[in-house]
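Engineer: From the sequence below, what's the structure:
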Amino acid sequence: MAQPPTLPTTASAEAEAPARPTWGETLRVYLEPASLRMFALGFSAGLPLLLVLGTLSFRLREAGLDRTTIGYLSWVGLAYGFKWCWAPLVDRLPIPLLTRWLGRRRSWLLLSQACIMASLVGMALADPRTELQLVVWCALAVAFASATQDIALDAFRIESADMRHQGALAATYQTGYRLAMIWAGAGVLWIAARAELAPAVPAAGAVAPGALYQQAAWTTAYLVMAASMLVGVLTVLFSREPARVALPPARNAADWLRSALVEPFADFLKRYGKQALLILALIGVYRISDVVMGIMANPFYVDMGYTKDEVAAVTKVFGVIMTLVGAFIGGALSLKLGVMRVLMLGAILSAASNLLFAWLAGHGHDVTALILVISADNLSAGVASAAFIAYLSGLTNVQYSATQYALFSSMMLLAPKWLAGYSGAFVDAYDYPTFFIATACLGVPVLVLIWLATRLAPVDGKR
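Structural biologist: Down below sits the predicted model:
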């Protein structure tokens, strides 16, 4: 079948069959300035996510909220799934004073980071037992501002390097992102545990919901997280704006709307034609197994009797280290073997690793077993994420990088986040083992779509 037409300005366009790099050249790319900047900005991007999803679900479960409610509250994450709606504004709209001072990408990054910090302070001060509505509104504000930061950051990354380096930038971005998740996962649990007025050690037998919750400890932890966003703020202030892509001036409002809203989507459809539907379907379901399962992971740890320190050490530190290893493996393999092969490998591993959680649910409280399960799950997630980010980057046109990448990454989350909202109700009805097995089965259609996409429209030219 004929290859889809491409434009010379797209991030997916490549020069004619470049020589494969040596392993030394492949590894040195991680020390380049663009990679190091992306490491720090990845930290800024990864910090808010757990604080409104995974860590928040642990906090809410400890505060006594039921699993069904926690599942529905995960719909806060849908803000990430709709970020394409305002991505054209981030792509085109200047911010008074800030854009003239910092440039188009950095101004939006700085504004979104300031909003994240303010909203995290609100989450820190609100008590979910008596002010749940305020917690939810602040979490929504964090998610909205974080999604806006992602829009600007994805464009910043895509415009900072050519296609051959996107895999390396994706890996360093994932490294910073996952280190932030250690801090927003293990760090916040560790701080909350240390800030408790007295050791919250449960006695033998069942503990009443909310009995172990201490608001002051969580306030301290979330305030520290808000201050941690300064890493991203300082990186933005000391980074250089990437070379600006020349955009044709808009003669009127209709012109601006067409160039900002219509042309980015029309460009993608024009370049890929009917194959665009296959590509969008793959993007929409690639991470569905991980996302749906992830919402119930922290309530699962609480219900299995794991302490804050155990969850912090195993799932939030050791597990994230394994994700980093997977991200570097995925980035390096994408350079050597091609994105599509690694995309398939990541999908297989991600779906299969969910079956281990079903085994753990029947095994009982066992830290060694938890380490084994988390190792396999997070290693596969790292491989899949690095390959998937490189795949999405290769689909974009740099003229519309923020809008198109926002569309792709939003579709990645939209259906999984919506389905994940029912995860608590599913667990209440069928139990944890059945839930984990069902999430593994969700990965089967993904394998078929990758196989079709590889045959019809290989992005990197390597099968």
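Engineer: C-terminal to the lengthiest helix in the chain, what's the next element?
Structural biologist: Looking across the chain with DSSP state H, the single longest helix is helix 367-395. Note on helix 367-395: by DSSP states H and E, the next helix or strand toward the C-terminus is helix 401-420.
Engineer: rewinding a little: chain center to the longest helix of the chain: distance?
Structural biologist: Its chain's C-alpha centre and that of helix 367-395 lie 12 Å apart, by CA atoms, centre = their mean, to the nearest Å.
Engineer: And it, what's buried?
Structural biologist: Across helix 367-395, burial judged by 16 or more other CB atoms under 10 Å covers 370-371, 373-395. C-beta: built from backbone N, CA, C; applies to glycine.
Engineer: Show me what that helix is packed up against.
Structural biologist: For helix 367-395, the contact count by 3 or more CB pairs under 8 Å, 6 or more residues apart in numbering; DSSP states H and E identifies helix 166-182, helix 319-337, helix 339-363, helix 401-420 as packing neighbours.
Engineer: so what secondary structure elements neighbour the longest one?
Structural biologist: In terms of contact count using 3+ CB pairs under 8 Å, 6+ apart, helix 339-363 is assigned the packing partners helix 288-294, helix 297-303, helix 319-337, helix 367-395, helix 432-441, helix 444-456.
Engineer: and if we set it to 6 Å?
Structural biologist: Packing partners of helix 339-363 (3 or more CB pairs under 6 Å, 6 or more residues apart in numbering; DSSP states H and E): helix 288-294, helix 319-337, helix 367-395, helix 432-441, helix 444-456.
Engineer: For it, give the mean pLDDT please.
Structural biologist: Mean pLDDT, computed over helix 339-363, is 86.
Engineer: Next: the shortest one.
Structural biologist: Taken as a whole, helix 166-182 has an average pLDDT of 78.
Engineer: For that helix, which outside residues touch it?
Structural biologist: The list of residues contacting helix 166-182 from outside it, by CB atoms under 6 Å, 6 or more residues apart in numbering, reads 29-30, 35, 38-40, 42-43, 45-47, 50, 157, 161, 316-317, 320, 323-324, 327-328, 331, 334-335, 385-386, 389-390, 393.
Engineer: Among those residues, the buried ones, what's the ChimeraX command?
Structural biologist: The command below creates a ChimeraX selection of those among the contacts of helix 166-182 that count as buried (16+ other CB under 10 Å):
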select :29,30,35,38,39,40,42,43,45,46,47,50,157,161,316,317,320,323,324,327,328,331,334,335,385,386,389,390,393
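Engineer: Out of the helices and strands packed on helix 367-395, which gets nearest to residue 312?
Structural biologist: Shortest separation from residue 312 across these is recorded for helix 166-182, at 8.9 Å, computed as CB to CB.
Engineer: got the angle for the closest one vs helix 319-337?
Structural biologist: Taking axes from the mean of the first three to the mean of the last three CA atoms, to 10 degrees, one finds that helix 166-182 is oriented at 180 degrees with respect to helix 319-337.
Engineer: Downstream of helix 166-182, the next helix or strand is which one?
Structural biologist: Sequence-wise, the next helix or strand beyond helix 166-182 is helix 188-195, with elements assigned using DSSP H and E.
Engineer: how about that following helix: buried residues?
Structural biologist: 188-193.
Engineer: Give me the contacts around that helix.
Structural biologist: In this structure, residues lying in contact with helix 188-195 by CB under 6 Å, 6+ apart are 55, 217-218, 220-221, 224-225, 308-309, 312.
Engineer: Secondary structure, neighbour count and pLDDT added to those, as a markdown table?
Structural biologist: Converted to a markdown table, those look like this (DSSP: H, G, I helix; E, B strand; the rest coil; neighbours: other CB atoms under 10 Å; pLDDT from 0 to 100):
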| residue | secondary structure | neighbour count | pLDDT |
| --- | --- | --- | --- |
| 55 | helix | 26 | 86 |
| 217 | helix | 19 | 92 |
| 218 | helix | 26 | 92 |
| 220 | helix | 18 | 94 |
| 221 | helix | 23 | 94 |
| 224 | helix | 17 | 95 |
| 225 | helix | 27 | 95 |
| 308 | helix | 24 | 81 |
| 309 | helix | 13 | 84 |
| 312 | helix | 23 | 81 |
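Engineer: Check those and tell me the two furthest apart.
Structural biologist: Longest distance between any two of these is 18.1 Å, between 225 and 309; criterion CB to CB.
Engineer: quick one: contacts for the residue lying closest to residue 176 once chain neighbours are set aside?
Structural biologist: Leaving aside its chain neighbours, residue 176 sits nearest to residue 42 (2.8 Å; criterion: CB to CB, 6 or more residues apart in numbering). For residue 42, the set of contacting residues under the criterion of CB under 6 Å, 6+ apart consists of 173, 176-177.
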